[in-house]
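Novice: Here is a sequence together with a model predicted from it:
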Amino acid sequence: MNVGIAGAGIIGRLLAWHLLEKGHQVTLFDKDPVDSGSAAAYTAAGMLTPYSEAETAEPRVFDLGIASLPLWPQLIKQLGADVHYRTGGTLVVTHRQDQGEFNRFSTTIHQKLNAMQGQFSLLERTGINELEPELSDHFHQALYMPEEAWLCCCCLMPALGDALMARKVAWHSNTEVTDVCAGEISVKARSGTRSYHFDHVVDCRGMGAKPQMDGLRGVRGELLWVRAPEVNIKRLVRLMHPRYRLYVVPRRDDLYLIGATQIESEDYREITVRSSLELLSAAYSLHSGFAEARIVDAKVNCRPALPDNQPKLFWQEGLLRVNGLFRHGYLMGPALAQESVALLEQGSNYRSSFSGLIDYDNVETVITGAA
Ligand SMILES: Cc1cc2nc3c(=O)[nH]c(=O)nc-3n(C[C@H](O)[C@H](O)[C@H](O)COP(=O)(O)OP(=O)(O)OC[C@H]3O[C@@H](n4cnc5c(N)ncnc54)[C@H](O)[C@@H]3O)c2cc1C
């Protein structure tokens, strides 16, 4: 197949990779350069955490996340690049006064993941001390999810870009797509627009697809990067709090990502004072070593979400739209890309094992709300 992909964010790149693996020809279009840009994929914390996200996420997100977990290390190995990828799991903790929050979280996880009891366990102070000694003074209980992992998106995106270029994908960078329809991608050109024709076209523009997808909305997320040599945390940590839920993602060189807000707004402006205060106060309450940390960056972006906050593949002959990755683009990306390839190869004969993932022959009506 000769496939054209509009949008080279995380799902566009993963899809291109899987299509090339299957021997197809791929052309990518993106408004940004190959190794940088405004994709939500560059802002993400890179958490691959289906178990802890299961509290609020739907079963489809969980299933795609579980299917993707083992695919990440395989992909990173194939890339052969220096991508910071870590396993070691997540610790979910709470302050004593917020025990109710922790109990609610723990009960929901136990109810939703009943069949997977081996994938999480309740730790007391000694258990916490064995894994993260610097947290054991503050926290007397934690829920531990050992299978969860995380990666550095700012290493992965350029590494995937380089690997795709090396495999001879045709890449139209700095090229704004103006329209995507069956078999055709139109882009802005010096003399108006120019169209390219393919066997199949895939729309992976995330929020950029909004003009053609009425139901799509952006959900603002703010994330702080701090350098904290006085903190030594090796695993993902989530703090349950009635108002400021927080995660801390350890990176190399004493860097920690502290995030993230989730605000129903398509506001891409800088982080607010309120969000900074909330994130930093919660981080300081988690570990006092954050007091002397240096703030090295503050990132803001909007997550592309459909009304039910679940991903969807809208398919018709010649056109596939992949969108609604919301806060789980990395978590679900590899499995979503595999599903997309199977759908492109088999068309309406393909039946996904992920219930409700594919919408057949409704590309225009469902997403615009017409009819
Ligand atoms: C603060 C924050 C933290 C997050 N943390 C995590 C996390 O820990 N784990 C996780 O799994 N997910 C996380 N996410 C979610 C994740 O970033 C998104 O789900 C994911 O990036 C969506 O992927 P996408 O490829 O659909 O869109 P994007 O990554 O936004 O990519 C869209 C691409 O399309 C291009 N494009 C758009 N319009 C056009 C146009 N007209 N012409 C040409 N190109 C165009 C853009 O340049 C971009 O490259 C986080 C998001 C935020 C904001």
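Specialist: All right, it came through fine.

Novice: Which residue, neighbours along the chain excluded, lies closest to the residue of the stretch 251-371 of the chain at minimum distance from the ligand?
Specialist: Ranked by Cβ to the nearest ligand atom, the top residue of the stretch 251-371 of the chain for proximity to the ligand is residue 329, at 2.5 Å. Backbone N, C-alpha and C define where each C-beta goes, glycine included. Setting aside the residues directly before and after it, residue 329 is nearest to residue 10 in space (Cβ to Cβ, 6 or more residues apart in numbering), at 4.7 Å.

Novice: Please apply the same query to residue 86.
Specialist: Spatial nearest neighbour of residue 86, chain neighbours left out: residue 150 (5.7 Å); criterion: Cβ to Cβ, 6+ apart.

Novice: which non-adjacent residue is nearest the residue in the stretch 101-250 of the chain that the ligand sits nearest to?
Specialist: Residue of the stretch 101-250 of the chain nearest the ligand, by Cβ to the nearest ligand atom: residue 208 (1.8 Å). Computed as Cβ to Cβ, 6+ apart, the closest residue to residue 208 that is not its neighbour in sequence is residue 7, at 6.1 Å.

Novice: Was I right to think that neighbour contacts residue 201?
Specialist: No - counting by Cβ atoms under 8 Å, residue 7 stays clear of residue 201, with 11.1 Å between them.

Novice: Now do the contacts for the residue of the stretch 251-371 of the chain closest to the ligand.
Specialist: For residue 329, the contact set (Cβ atoms under 8 Å, 6 or more residues apart in numbering) comprises 9, 10, 11, 40, 41, 44, 303.

Novice: mind checking the end-to-end distance for stretch 223-233?
Specialist: Stretch 223-233 has an end-to-end distance of 18 Å (Cα to Cα, to the nearest Å).

Novice: In that stretch, which residues are buried?
Specialist: 223, 224, 225, 226, 227, 228, 231, 233 (16 or more other Cβ atoms under 10 Å).

Novice: Adding secondary structure, distance to residue 85 and pLDDT, write these out as CSV.
Specialist: Formatted as CSV, the buried residues of stretch 223-233 follow (DSSP: H, G, I helix; E, B strand; the rest coil; distance: Cβ to Cβ, whole Å; pLDDT from 0 to 100):
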residue, secondary structure, distance to residue 85, pLDDT
223, strand, 19, 98
224, strand, 22, 98
225, strand, 18, 98
226, strand, 21, 98
227, strand, 21, 98
228, coil, 21, 98
231, coil, 21, 98
233, coil, 17, 98
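
Novice: check those residues against the ligand, which are close?
Specialist: residue 223 (Cβ under 6 Å from any ligand atom).

Novice: Check the stretch 1-150 of the chain for the residue nearest the ligand and tell me.
Specialist: When scored by Cβ to the nearest ligand atom, the stretch 1-150 of the chain has residue 9 as its residue closest to the ligand, at 1.7 Å.

Novice: gap between that residue and residue 40?
Specialist: According to Cβ to Cβ, to the nearest Å, residue 9 stands 7 Å off from residue 40.

Novice: Let me see the contact set for the residue nearest to residue 329.
Specialist: 39, 40, 41, 44, 153, 157, 325, 329, 330, 333.
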